[in-house]
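*Asks:* Quick check, what structure comes out for this input:
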Amino acid sequence: MNPQDLIGPSSPLGNPAPFWFITFFKVLGFILHMIPMNVWYAGMALVAIYATFGKGHYEELAHRLAKSMPVIVAIGVNLGIVPLLFTQVSYYQFYYPAGVLIGWAWFSVIILLVIAYYGVYVYTLSVRRNVKTRLAIISAWVSSILFIVIGFLFANNFSLMTNVAGWIGIFNKTAVGGAPTGLALNTSDPTLIPRWLMMFGIAIMTTSVYIVVDAAYFRKRETTEEYRSWAGKFAFVIFNIGLVWFVATGSWYIFGALDPFTVGKLKSDGLMQVIFAATALSPGLSWLALLLGGRRHVNHRTALAAAGAQFVVISLNAVSRQWVQNTEISKYRDIAAEPVKIQWSPMILFLVLFVVGLAIVGWMISKIVEVGREEAKV
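*Replies:* Okay, the predicted model is just below:
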């Protein structure tokens, strides 16, 4: 069977927006989604560990992360709709076949996310009531593990989306009567594990930056000078762990897992070589901001610098990842050349709701920061 036979046909309706528009908002949405997603991805692991074994400031950190986690998860899930929407719009020929091949695992993401979200609430409510029960600690561990599993399933789906050559093997192993059962994963893909682990490394770094931002801006009445000093030093240590993790798995992904076709395209694209180099070096900005902030208790300036630097890290990774995805898909089809029949009303409605939604999220965050500042004055 030819791999091309498994790729979905082009829609006779064409793309509802230009390819550049779809790609821009797909990447922008992914960037905005990654910020809170990274915090729950690695942050809940810290909550579980320090809720179980932590004392003093470590336990306080777990409580502070937990109190913010319901809002962080809610914002992250809603922002995740944007990149998923535009993936379905323009990459449907690859997205849906991959989803069918691992259908049950992909469908389970919804169930696992609901369970993980309830687990977050169980632990958060116990913290707010100052009662740490065994059920609360178990819930924290369940949520942490499920978030990591969900990340693995997402890595499966989106790596399989571009691993068209592997579709036939999965189809032949799982098909019954000519139909796939959906009981498969993309485990034979050499990019799967390093890609999944690299994302967790970024999540560790982002969570470290969030710890500093939380200590500097949020609920300052609940913290002490001693805690803020400790938080800066602790965040720097955790960031270094994430940085080493990111460098190791990123190197594995780029130099040991990418297919020769993509590597060849990268070698012939000077602009992308610069962007990839910037992507690899960008965590140094966050590292420097945390290093300077860790010398004393964290303050607004160092926290803002670290947050801005980490936003650059996440943005460059999103851009690089999008280029790799487009390049891998270009081996089979030029989706940028698909016909376009602009649907103005959905585009305008999306833009209006997108701006309004971001404005509401920004307003919510500003109010949280405002409360923190008022508490600091009391």
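*Asks:* Counting neighbours, what do you get for Asn240?
*Replies:* The tally of other residues near Asn240 (other Cβ atoms under 10 Å) stands at 16. All C-beta spots, glycine's among them, are computed from the backbone N, C-alpha and C.
*Asks:* what helix or strand does it sit in?
*Replies:* helix 225-251 (DSSP states H and E).
*Asks:* Check which helices and strands that helix sits against.
*Replies:* Under the contact definition 3 or more Cβ pairs under 8 Å, 6 or more residues apart in numbering; DSSP states H and E, helix 225-251 sits against helix 57-90, helix 192-217, helix 283-293.
*Asks:* Just say helix, strand or coil for Asn186.
*Replies:* coil (DSSP: H, G, I helix; E, B strand; the rest coil).
*Asks:* That one - nearest residue in space that isn't next to it in sequence?
*Replies:* Nearest residue to Asn186 in three dimensions, chain neighbours excluded: Leu160, at 3.9 Å (Cβ to Cβ, 6 or more residues apart in numbering).
*Asks:* Please apply the same query to Ser320.
*Replies:* In space, Ser320 is closest to Thr279, 4.7 Å off (Cβ to Cβ, 6+ apart).
*Asks:* can you give me the angle the helix or strand hosting the one you found makes with helix 225-251?
*Replies:* Using DSSP H and E, Thr279 falls within helix 270-281. Angle, helix 270-281 to helix 225-251, by axes from the mean of the first three to the mean of the last three Cα atoms, to 10 degrees: 140 degrees.
*Asks:* burial of Leu183, as a residue count?
*Replies:* When neighbours are counted by other Cβ under 10 Å, Leu183 registers 14.
*Asks:* actually Glu59, not the one I wrote
*Replies:* So Glu59, with other Cβ under 10 Å, has 16 neighbours.
*Asks:* Equivalent analysis for Phe94, please.
*Replies:* 26.
*Asks:* repeat for the one 3 residues further on
*Replies:* As a burial measure, the neighbour count of Pro97 was computed by other Cβ under 10 Å and equals 18.
*Asks:* same question, Arg195
*Replies:* Neighbours of Arg195 (other Cβ under 10 Å): 22.
*Asks:* Would you quantify the distance from the residue nearest to Ser320 to Ile314?
*Replies:* Separation of Thr279 from Ile314 (Cβ to Cβ, to the nearest Å) stands at 10 Å.
*Asks:* ditto for Val131
*Replies:* 36 Å.
*Asks:* Done for today, thanks.
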